[in-house]
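Asks: Need a 3D model of the sequence below.
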Amino acid sequence: MHRLRLICPLLAASAAAVGAFAPVAPPLSRHRTAAAPPAHARSPSSASAATALQMSDFGSDFASAMPEKPQQSMKEKLEESATSFIADLSSRLADGVDPPPEMEALREARDGDSDEGTLALRIYELMIEQGMTYDIDPETGRLSPTQFDIKENLDVPEVKAEFKHLYSYGMELIKRGLLSLDTGKEVVTKRLINRTGLTPEEFDKWLGY
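Replies: Model prediction:
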């Protein structure tokens, strides 16, 4: 079993969904064509080429003139992320394995018209618990309860990297104003630091901060 594999397709997808709050669209590609010569000065071949070019331009202009899709609000993005996360996690649980209670908490937050802060918090909590309480079968990709002893494996580079990934993710939520500083500290202390057996100061030093 692969332990604490947070950078797996499931978590990578959920993180991308939650983290992409301000997607940047690439600039539209526009081009300018040279003026066509008068009709009497064009040969049949040049006229055909000009017509083809104009039709191509028309198609490009038509596409760019289409109305843009309405942008999602922050809350809509979080609700969509919650739905995707719940579906992905449910599909990856091994037969007979129960989901963590945090998944039902996220479902209730989504269905209960919760605000952005609550949705972000519930997603973050589920991300942590998915990584801390399940192992991934390398052959099937299915999740099952772990017996991994975190405190005895703090020297494993992958363990440190994945704790740092989740810690940094929480700090990013605070930076974006989706979690308060106090709530972020509480989640990190309870769900990350306490699992290592380290003090907050030792935890920061362990992660290289």
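
Asks: so what's residue 164 closest to, chain neighbours aside?
Replies: residue 207 (4.9 Å; Cβ to Cβ, 6 or more residues apart in numbering). Using the backbone N, CA and C atoms, a C-beta is placed for each residue, glycine as well.

Asks: For that neighbour, which residues are in contact?
Replies: Contacts of residue 207 were listed using Cβ atoms under 8 Å, 6 or more residues apart in numbering, and they are 160, 163, 164, 167.

Asks: ok, now which ones touch the last one?
Replies: Taking Cβ under 8 Å, 6+ apart as the criterion, residue 167 is in contact with 188, 192, 207.

Asks: let's go with 6 Å and repeat that
Replies: Counting by Cβ atoms under 6 Å, 6 or more residues apart in numbering, residue 167 makes contact with nothing.

Asks: buried sites along the host helix or strand of it?
Replies: Residue 167 is located in helix 157-175, with elements delineated by DSSP states H and E. For helix 157-175, the neighbour count (16 or more other Cβ atoms under 10 Å) marks 159-160, 162-167, 169-170, 172-174 as buried.

Asks: could you measure residue 76 against residue 108, distance?
Replies: Separation of residue 76 from residue 108 (Cβ to Cβ, to the nearest Å): 18 Å.

Asks: Same check on residue 154?
Replies: The gap separating residue 154 from residue 108 is 34 Å, by Cβ to Cβ.

Asks: When those two are compared, which one has more neighbours?
Replies: Remark: of residue 154 and residue 108, residue 154 carries more neighbours, 16 against 12, as counted by other Cβ atoms under 10 Å.

Asks: Residue 118 versus the closest residue to that one other than its chain neighbours, what's the distance?
Replies: Nearest non-adjacent residue to residue 154, counting by Cβ to Cβ, 6+ apart: residue 196, 6.1 Å away. Computed with Cβ to Cβ, the distance linking residue 196 and residue 118 is 27 Å.

Asks: now do residue 135
Replies: Counting by Cβ to Cβ, the gap from residue 135 to residue 118 is 29 Å.

Asks: With adjacent residues omitted, what lies nearest to residue 132?
Replies: If the residues on either side of it in the chain are set aside, residue 132 comes closest to residue 195, at 6.3 Å by Cβ to Cβ, 6+ apart.
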